[in-house]
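In: Provided below are the primary sequence and the corresponding predicted coordinates.
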Amino acid sequence: MTLAKKIQLTTATVIPIGFLLIQLPFCIFVLGINDHHTWFWVGVMSASGSLVSIPLAYTIIRWIAKPLRNLRETAEKFSSGNYQARSNIQSRDEMGLLATTLNKMAEDLALREKILSEKEKKISVLWNAIQHSTEGIALIDKNLNILQANHAFGRMFGLSVLDLVEHSFISLPFPKNVNKEIEQKMREGEPWAEEVEIPHSNGSEQVCYISATPVETKNVREGWLVVAIDNTQRRKLEKEIRKKEHLAAIGGFLTMISHELRNPLTSIKMNVDILTSRVVGDHHTQKYVRILRRELNRLEKLVRDLLAYARPVQLDVQPVDVDQLIERTMDVLFPMLEQSEVEVAVHNPQPETKIAVDPDLIQQVLLNVVQNALESMENGVLSISVRAEPITNAVYIDVADQGCGIEKEYLEHIFDPFFSKKSNGSGLGLAISKKLVESHGGTISAMSEPGVGTKVTIWLPRLIL
């Protein structure tokens, strides 16, 4: 029951009772009424007066309680969040003062709500930007526990955002020597930045540039703002650039050396031919001449390889059927296949697949790869598979052998120039192959397991007809 109704009910009850309590003593002691007939009419008049006073009192009190009802209704609107509601009481008494105060409070609340709403919107936009940032961002408290972090920060450490919250920052998977260094710097309270290699469970490493800035409120340190930037790709690019610069320098040097060697080799070869014609019948000398000729041929091949690696690639691109390209490669290697116990299996589920390449150069690539595979096998099956990918518009040529395989520490260097585990190899075959494939906009890679075999994958753009 509201206060206004309580006042109305109380007044409607108290006034008639009070009227009777005053009227009876007045009639008895002042007027001296003592006969029954007079008392009857006094009772009738009292009852009539009471009946008249009840609605009159109710009306008067209702008029008095109206401002209270108005204040209550306005207050209820405020409590429901409607700060635009206003009390319309215009009197200058206490009720009017209370209404003015209430309206002023509503204006202040409406203004504060507007300011708060704008701040919440800005915070929402800022937090959304932080969550979608490619840089890892985390807020650390003064005890070095993570309060909040975005998804990028979690990905850098292989954890979800939920796993990061309340997680100790220094217990993240940093290298052990780095953990102590980071903890010491943060305990000292000074800003710091460092490039860190973060190990992952799959054996890979992610290079991150991490900076930490103290967060202070009224000169009191509350925690740290940590920003982590993934520098892995930049490191790889820098490494590739240094490698290309190194290879370019080597290429220039090899070109000069090759040209310098060609003339003496030609002269030596001519003299060997003359010497061969003069030692006919001298079998002992002929043996040494044959050795000399064999080594000259090997040296001449090395010079050709050096020039092939050093000179710029000039492409004569044309549509080429992959099956025909493989068939021509096998024809060249037929003498080598005849002398081995290796079986070659070619698998292409999509015949007549065409690629846009220079056929002579890609045939040279296949020759180098297949020949290496054959030399690593004594017997077994050499598999050549062709896969066409409609989504990427690419063709994959897989050459898989069952040879001795390559150790992991050597595998990443097999495409480097002059790297070879063969006693008579120049180490330029796969390096030249890589250069030729990349000049077509393709890639070449290898997977191997010692004692099981090696698979070389050549990726080339597919010809769209």
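Out: Cool, the structure landed.
In: is it true that residue 299 touches residue 266?
Out: No - the pair residue 299 and residue 266 fails to qualify as a contact (CB atoms under 8 Å) at a distance of 11.5 Å. Any C-beta I mention is one placed from the backbone N, CA and C, and that applies to glycine too.
In: any idea whether residue 455 is helix, strand or coil?
Out: Here residue 455 is recorded as strand under DSSP: H, G, I helix; E, B strand; the rest coil.
In: before we move on, back to that, looking at residue 299 and residue 266, which is more packed in?
Out: residue 299 (15 against 11; other CB atoms under 10 Å).
In: where does that one fall, secondary structure wise?
Out: If you go by DSSP states H and E, residue 299 is part of helix 283-310.
In: just checking, next helix/strand downstream of that helix?
Out: Assigned by DSSP H and E, the successor of helix 283-310 is strand 318-321.
In: which strands and helices lie in contact with that following strand?
Out: strand 354-357, helix 359-375 (3 or more CB pairs under 8 Å, 6 or more residues apart in numbering; DSSP states H and E).
In: can you rerun that using 7 Å?
Out: Packed against strand 318-321 by the contact rule (3 or more CB pairs under 7 Å, 6 or more residues apart in numbering; DSSP states H and E) you find strand 354-357.
In: got the contact list for the strand it packs on?
Out: 317, 319, 320, 321, 322, 395, 440, 460, 461, 462, 463 (CB atoms under 7 Å, 6 or more residues apart in numbering).
In: make it 6 Å
Out: Residues outside strand 354-357 that contact it (CB atoms under 6 Å, 6 or more residues apart in numbering) are 317, 319, 320, 321, 395, 440, 460, 463.
In: from these, which would you call buried?
Out: Burial by neighbour count, 16 or more other CB atoms under 10 Å: within these this picks out 320, 395, 440, 460, 463.
In: in the helix or strand hosting residue 336, what's buried?
Out: Per DSSP H and E: residue 336 is located in helix 334-338. By 16+ other CB under 10 Å, the buried positions in helix 334-338 come out as residue 337.
In: what mean pLDDT does it have?
Out: Averaging pLDDT along helix 334-338 gives 84.
In: just the CA coordinates for it, please, in PDB.
Out: Extracted in PDB, the C-alpha atoms of helix 334-338 (Å, rounded to 0.1, in the frame of the first residue of the first chain):
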ATOM      1  CA  PHE A 334      66.500 -45.600 -70.800                       C
ATOM      2  CA  PRO A 335      70.200 -46.800 -70.900                       C
ATOM      3  CA  MET A 336      70.500 -46.100 -67.200                       C
ATOM      4  CA  LEU A 337      67.200 -47.900 -66.500                       C
ATOM      5  CA  GLU A 338      68.300 -51.000 -68.500                       C
END
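In: any buried residues in the next helix or strand after that helix, and which?
Out: For helix 334-338, the following helix or strand on the C-terminal side (DSSP H and E) is strand 341-347. Using 16+ other CB under 10 Å as the test for burial, strand 341-347 gives 342, 344.
In: so in that sheet, which strands flank strand 341-347, and in what orientation?
Out: Here strand 341-347 is paired, per DSSP bridges, with strand 379-389 (parallel).
In: what are the buried residues along the strand it pairs with?
Out: 382, 383, 384, 385, 386, 387, 388.
In: equivalent analysis for stretch 362-378, please.
Out: Neighbour-count burial for stretch 362-378 [16+ other CB under 10 Å]: 362-370, 372-374, 376-377.
In: farthest-apart pair in those, please.
Out: Of all pairs drawn from the buried residues of stretch 362-378, the greatest distance, 22.8 Å, lies between 362 and 377 (CB to CB).
In: just to revisit the earlier point, which one of the buried residues of strand 379-389 sits closest to residue 289?
Out: residue 382 (36.7 Å).
In: avg pLDDT for the helix or strand where residue 179 lies?
Out: Element membership for residue 179 (DSSP H and E) is helix 176-188. For helix 176-188, the mean pLDDT works out to 76.
In: other SSEs contacting it?
Out: Helix 176-188 sits against no helix or strand, with contacts defined as 3 or more CB pairs under 6 Å, 6 or more residues apart in numbering; DSSP states H and E.
In: which parts of it are buried?
Out: In helix 176-188, counting by 16+ other CB under 10 Å, buried: 178, 182, 183, 186.
In: got the CA coordinates for that helix in PDB?
Out: Extracted in PDB, the C-alpha atoms of helix 176-188 (Å, rounded to 0.1, in the frame of the first residue of the first chain):
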ATOM      1  CA  LYS A 176      64.700 -21.000 -19.800                       C
ATOM      2  CA  ASN A 177      67.400 -18.400 -19.900                       C
ATOM      3  CA  VAL A 178      65.000 -15.800 -21.200                       C
ATOM      4  CA  ASN A 179      62.400 -16.400 -18.400                       C
ATOM      5  CA  LYS A 180      64.800 -15.300 -15.700                       C
ATOM      6  CA  GLU A 181      65.900 -12.300 -17.600                       C
ATOM      7  CA  ILE A 182      62.300 -11.200 -18.300                       C
ATOM      8  CA  GLU A 183      61.300 -11.600 -14.700                       C
ATOM      9  CA  GLN A 184      64.300  -9.600 -13.500                       C
ATOM     10  CA  LYS A 185      63.500  -6.700 -15.900                       C
ATOM     11  CA  MET A 186      59.800  -6.600 -14.900                       C
ATOM     12  CA  ARG A 187      60.600  -6.700 -11.200                       C
ATOM     13  CA  GLU A 188      62.900  -3.700 -11.700                       C
END
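In: who touches it?
Out: Taking CB under 6 Å, 6+ apart as the rule, helix 176-188 contacts 144, 170, 192, 196.
In: quick one, what contacts residue 378?
Out: For residue 378, the contact set (CB under 6 Å, 6+ apart) is empty.
In: mind redoing it with 8 Å?
Out: The contact partners of residue 378, by CB atoms under 8 Å, 6 or more residues apart in numbering, come to 340, 341, 342.
In: name the nearest residue to the first one, sequence neighbours excluded.
Out: Leaving out its chain neighbours, the residue that sits closest to residue 340 by CB to CB, 6 or more residues apart in numbering is residue 374, at 6.1 Å.
In: give me the distance between the one you found and residue 403.
Out: According to CB to CB, to the nearest Å, residue 374 and residue 403 sit 9 Å apart.
In: residue 178 now?
Out: Distance of residue 178 to residue 403, given as CB to CB: 41 Å.
In: ditto for residue 437
Out: For residue 437, the distance to residue 403 equals 21 Å [CB to CB].
In: next: residue 391.
Out: To residue 403, residue 391 is 32 Å away according to CB to CB.
In: touching the strand ranked longest in the chain from outside, list them.
Out: Assignment by DSSP state E gives strand 205-217 as the longest strand of the chain. By CB under 8 Å, 6+ apart, the residues outside strand 205-217 that reach it are 136, 139-140, 156, 185-186, 189-200, 221-232, 234-235.
In: pull out the buried members of those.
Out: Burial by neighbour count, judged by 16+ other CB under 10 Å, picks out 136, 139-140, 156, 186, 192, 196, 198, 223-224, 226-231 from the contacts of strand 205-217.
In: how is the protein divided into domains?
Out: 3-94, 133-230, 235-310, 318-461 (automatic domain parsing).
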